[in-house]
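S.K.: please find the sequence and the predicted model below.
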Amino acid sequence: MQPGLDPRYIPSMDSRTAAHVLNEIAALLELHGENKFKTRAYRTAAKAVLALDTDDLAPLQRSGELASVKGLGPATLAVLEDLIATGDSEYLELLREKTPEGLIEMLRVPGLGTAKIHLIHQGLGIETLLELEEAARDGRLAELPRFGEKTAEKVLKGIAFLKETGALVLYPHASAEAHRLLAGVRRHPDVVSAEIAGSVRRRREVIRDIDIVAVVRGSPAAVAASFSRAPGVRDIVGGGSRSITVRYVDGTLLDLHCVRPPQFAVALWRATGSSEHEAQVRERAIELGLSIVDDELVDKAGAHIPVESEAAFYEALGLAFVPPELREGRGEVAAAARGALPRLVGAGDIRGVLHCHSDYSDGSATIADMARAARDRGWRYLGISDHSQSAFYAGGLTREAILRQHDEIDEVNASLAGAGDFRVLKGIEADILPCGRVDYDSQLLDRFDYVIGSIHSRFGMSEAQMTGRVLKALDDPHLTILGHPTGRLLLTREPYAIDMDAVIERAGEAGVALELNADPHRLDLDWRCCRAAKEHGVLIEIGPDAHSTHGLDNVEIGVGIARKGWLEAGDVLNARSADEVLQFAAQRRNASSVGANAGSDKRRAPGVAGRRAESDEGHGP
Ligand SMILES: [Zn+2]
Ligand SMILES: [Zn+2]
């Protein structure tokens, strides 16, 4: 008998499904206004279970290992035991029954968290997205305590945004998911090897589905079909004879393509895309009298040309190897034909970082901790750029705090003196005020080694106003770098209205660098603009915007985006030495002959106190 037809049959419980259930419970508890500690326990447990990465939790439970996993407690263990024994969670079912579907849908509206949805439900009795939209339009939402007209407007925008973006996820999330799925594919007994393709391989900033190409022994169609029965699969969305697209319980989409060894190179190329790149390469093949049929390169006579690797594939078409990041159909095929592809910047070219926060503002680590972590990553310098005084919500620094911080940096540098060539630089992320002025007076700005200017307020200005604001800031000789130039938060907040062409042009004239903010929520400057910046001679600073030592790892994601933007090491400010960075900042100040003293202040102030403040969002301001 087929297992699915036996009513007593209970499928094995995999990590993904179990973690998804725990996360759902957490979200439902939050929607019902349960306390933080209770909900956090479920989220922590979900993470711990996902990390187990197993297709069957039952053996772990039987051996007692499950009970000793860090992050699991009595309540969450009970849910897992229920899942393992019955395939379902009675607790989740109970919560679901109490919760209108529409509330869960509202969670996807940018800016609406579980707490706000709880208030909306309680205050207005709203239970669907449609009702929410109506209430936002007719003024009821604005009248709720702690809401107001601005929030209502934001909710309307959020709903519109949601309709456009659908089921996209950020790169790091998709990349982690892709590697987990890849491990699962590689475990299949008939899979010889497998690789990630698609937009993850191209390092797009947001991802819709995960593509994997697998080399199999035996029948590709049979292996592809067997994944419809993989643990955690909810339904089959599509597929051909050798491919299958499945949706997992948590919404993850996997597009799996199975081939025999001789087809792998062309299959990997095809599955990597983009469709624009693919179309241009196909045209190139036709010009040469060749064609690409399924996963094979074929000559005029219809004979199959063996292709051992992607590089060999491009070579057969008279093209240089095109790095996956560049495959977007933006001139890379023509450049590959001319041998004119850029030598893309790599993570190894980065020599230091300039956009980092410490516990003086809204970061979580001390300057010394950040310095050590930067040195451990092989960098030669770390620039501390905490928030300026106008960013009071993010613990912006007063004049006194700056003086204290500079003393502390001198001390850290002194203590590092024997530890090789490494130094901490004195930077600041100064607010660009609505009038276009850079926060602090000129004498105080002179004390910094460099200044990043960023917009953290009044995002709603018209394009003319916002562009004027930024152009004025670019004229300030203290400004070294324009931080996160468009203010976007991927999938959450659209860029503010700004004429980036005008900004790039002025930055080029003034000698100001533009930031490629490497926080995966931002990735701002957009890679599509990086080339324009490069053509105007604008240097790009790849800034981790780290708020912890862990945040320094954002650099790697930023480098991927820089590569998509055709950038070479010579185009990147922090691929230069610390001295060259200081020189870059000083040059700009001297050119305008306003206080050129960027040196350190050796005076000592007693007492070094860190200050922390809650930021309104994890990745802002
Ligand atoms: Zn920052
Ligand atoms: Zn910022």
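M.R.: Structure received. Numbers count the residues shown, from 1 in each chain. Ligands and ions are numbered 1, 2, ... in the order given.
S.K.: where does the chain have low pLDDT?
M.R.: 1-10, 163-166, 418-419, 592-621 (pLDDT under 70).
S.K.: and it, which residues reach ligand 1?
M.R.: Taking C-beta under 5 Å from the ion as the criterion, the chain approaches ligand 1 at residues 429, 545. Yep, even glycine has a C-beta here, placed from its N, CA and C like the rest.
S.K.: mind checking the longest strand of the chain?
M.R.: In the chain, ranked by residue count with DSSP state E as the criterion, the top strand is strand 423-431.
S.K.: for that strand, which helices and strands make contact with it?
M.R.: In terms of contact count using 3 or more C-beta pairs under 8 Å, 6 or more residues apart in numbering; DSSP states H and E, strand 423-431 is assigned the packing partners strand 381-387, helix 399-416, strand 452-454, helix 578-591.
S.K.: following element in sequence after that strand, please.
M.R.: helix 442-446 (DSSP states H and E).
S.K.: please save the CA atoms from that next one in CSV.
M.R.: Provided in CSV are the C-alpha atoms of helix 442-446 (Å, rounded to 0.1, in the frame of the first residue of the first chain):
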residue,chain,number,x,y,z
SER,A,442,32.8,73.5,10.8
GLN,A,443,35.3,73.4,13.7
LEU,A,444,33.9,70.2,15.1
LEU,A,445,33.7,68.6,11.6
ASP,A,446,37.4,69.5,11.1
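S.K.: strands paired with the longest strand of the chain, and their directions?
M.R.: strand 381-387 (parallel), strand 452-454 (parallel) (DSSP bridges).
S.K.: any chance of a markdown table for these, columns mean neighbour count?
M.R.: Output for the strands paired with strand 423-431, formatted as a markdown table (neighbours: other C-beta atoms under 10 Å):
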| stretch | mean neighbour count |
| --- | --- |
| strand 381-387 | 27 |
| strand 452-454 | 27 |
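S.K.: any chance of those strands in CSV, plus distance to Gly113?
M.R.: Shown next, in CSV, are the strands paired with strand 423-431 (distance: least, C-beta to C-beta, whole Å):
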stretch, distance to Gly113
strand 381-387, 23
strand 452-454, 24
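S.K.: and of the ones you listed, who's closest to Gly111?
M.R.: strand 452-454 (20.2 Å; C-beta to C-beta).
S.K.: strands of the stretch 51-200 of the chain, residue ranges please.
M.R.: 169-170, 191-196 (DSSP state E, counting those that start in this stretch).
S.K.: in the chain, what residue comes closest to ligand 1?
M.R.: Asp545 (4.3 Å; C-beta to the ion).
S.K.: mind listing what that residue touches?
M.R.: 355-357, 484, 517-519, 522, 551, 554, 619 (C-beta atoms under 8 Å, 6 or more residues apart in numbering).
S.K.: in TSV: those residues, plus distance to Ala340 and secondary structure.
M.R.: As requested, the contacts of Asp545 are exported to TSV (distance: C-beta to C-beta, whole Å; DSSP: H, G, I helix; E, B strand; the rest coil):
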residue	distance to Ala340	secondary structure
His355	32	coil
Cys356	36	strand
His357	40	coil
His484	31	coil
Asn517	29	strand
Ala518	27	coil
Asp519	32	coil
Arg522	31	coil
Gly551	36	helix
Asn554	31	helix
His619	37	coil
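S.K.: which among these end up buried?
M.R.: 355-357, 484, 517-519, 522, 551, 554, 619 (16 or more other C-beta atoms under 10 Å).
S.K.: contact partners for the nearest residue to Asp209 once chain neighbours are set aside?
M.R.: Leaving aside its sequence neighbours, Asp209 sits nearest to Leu253 (C-beta to C-beta, 6 or more residues apart in numbering; 3.7 Å). Leu253 sits next to 167, 208-210, 237, 245-247 when contact means C-beta under 8 Å, 6+ apart.
S.K.: repeat that for His355.
M.R.: His355 touches 383, 385, 427, 429, 452, 481, 483, 515, 517, 541, 543-546, counting by C-beta under 8 Å, 6+ apart.
S.K.: dump the residues you listed to CSV, plus distance to Val21.
M.R.: Formatted as CSV, the contacts of His355 follow (distance: C-beta to C-beta, whole Å):
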residue, distance to Val21
Gly383, 44
Ser385, 42
Gly427, 45
Glu429, 41
Ile452, 43
Ile481, 45
Gly483, 40
Glu515, 40
Asn517, 35
Glu541, 43
Gly543, 38
Pro544, 34
Asp545, 34
Ala546, 33
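S.K.: determine which two of the residues you listed are furthest apart.
M.R.: For these, the farthest-apart pair by C-beta to C-beta is Ile481 and Ala546; their separation is 15.2 Å.
S.K.: pull out the buried positions in stretch 224-233.
M.R.: Buried, per 16+ other C-beta under 10 Å, within stretch 224-233: 224-225, 227, 230-233.
S.K.: list every C-alpha atom in that stretch, with coordinates, as PDB.
M.R.: C-alpha atoms of stretch 224-233 as PDB (Å, rounded to 0.1, in the frame of the first residue of the first chain):
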ATOM      1  CA  ALA A 224      13.500  15.300 -10.700                       C
ATOM      2  CA  ALA A 225      10.100  13.700 -10.000                       C
ATOM      3  CA  SER A 226      11.400  12.200  -6.700                       C
ATOM      4  CA  PHE A 227      11.700  15.700  -5.300                       C
ATOM      5  CA  SER A 228       7.900  16.100  -5.300                       C
ATOM      6  CA  ARG A 229       8.100  13.800  -2.300                       C
ATOM      7  CA  ALA A 230      10.900  15.600  -0.500                       C
ATOM      8  CA  PRO A 231      10.300  16.500   3.200                       C
ATOM      9  CA  GLY A 232       8.600  19.900   3.700                       C
ATOM     10  CA  VAL A 233       7.200  20.100   0.100                       C
END
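S.K.: what does that stretch rub up against?
M.R.: With C-beta under 8 Å, 6+ apart as the criterion, stretch 224-233 contacts 11-12, 14, 16-17, 20, 55-56, 184-185, 188, 190, 236, 239, 241-244, 246-250, 254, 256-258.
S.K.: so how do I select the buried members of those residues in PyMOL?
M.R.: Entered in PyMOL, the line below selects the buried ones among those, by 16+ other C-beta under 10 Å:
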select buried, resi 14+16+17+20+184+185+188+239+242+243+244+246+247+248+249+250+254+256+257+258
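S.K.: before we move on, back to that, restricting to C-alpha, output the longest strand of the chain in PDB.
M.R.: The C-alpha trace of strand 423-431 is given here as PDB (Å, rounded to 0.1, in the frame of the first residue of the first chain):
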ATOM      1  CA  ARG A 423      44.600  51.600  12.900                       C
ATOM      2  CA  VAL A 424      41.200  53.100  13.900                       C
ATOM      3  CA  LEU A 425      40.100  56.200  12.000                       C
ATOM      4  CA  LYS A 426      37.800  59.000  13.400                       C
ATOM      5  CA  GLY A 427      34.800  59.300  11.200                       C
ATOM      6  CA  ILE A 428      31.200  60.300  11.700                       C
ATOM      7  CA  GLU A 429      27.900  59.600  10.000                       C
ATOM      8  CA  ALA A 430      26.500  63.200  10.100                       C
ATOM      9  CA  ASP A 431      22.900  63.800   9.300                       C
END
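S.K.: secondary structure added to the contacts of Leu253, as JSON lines?
M.R.: Below are the contacts of Leu253 laid out as JSON lines (DSSP: H, G, I helix; E, B strand; the rest coil):
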{"residue": "Ala167", "secondary structure": "coil"}
{"residue": "Arg208", "secondary structure": "coil"}
{"residue": "Asp209", "secondary structure": "coil"}
{"residue": "Ile210", "secondary structure": "strand"}
{"residue": "Val237", "secondary structure": "strand"}
{"residue": "Thr245", "secondary structure": "strand"}
{"residue": "Val246", "secondary structure": "strand"}
{"residue": "Arg247", "secondary structure": "strand"}
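S.K.: give me the buried entries from these.
M.R.: 209-210, 245-247.
S.K.: distance to Glu149 for these - can I get that in a markdown table?
M.R.: Formatted as a markdown table, the buried ones among the contacts of Leu253 follow (distance: C-beta to C-beta, whole Å):
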| residue | distance to Glu149 |
| --- | --- |
| Asp209 | 38 |
| Ile210 | 41 |
| Thr245 | 43 |
| Val246 | 44 |
| Arg247 | 39 |
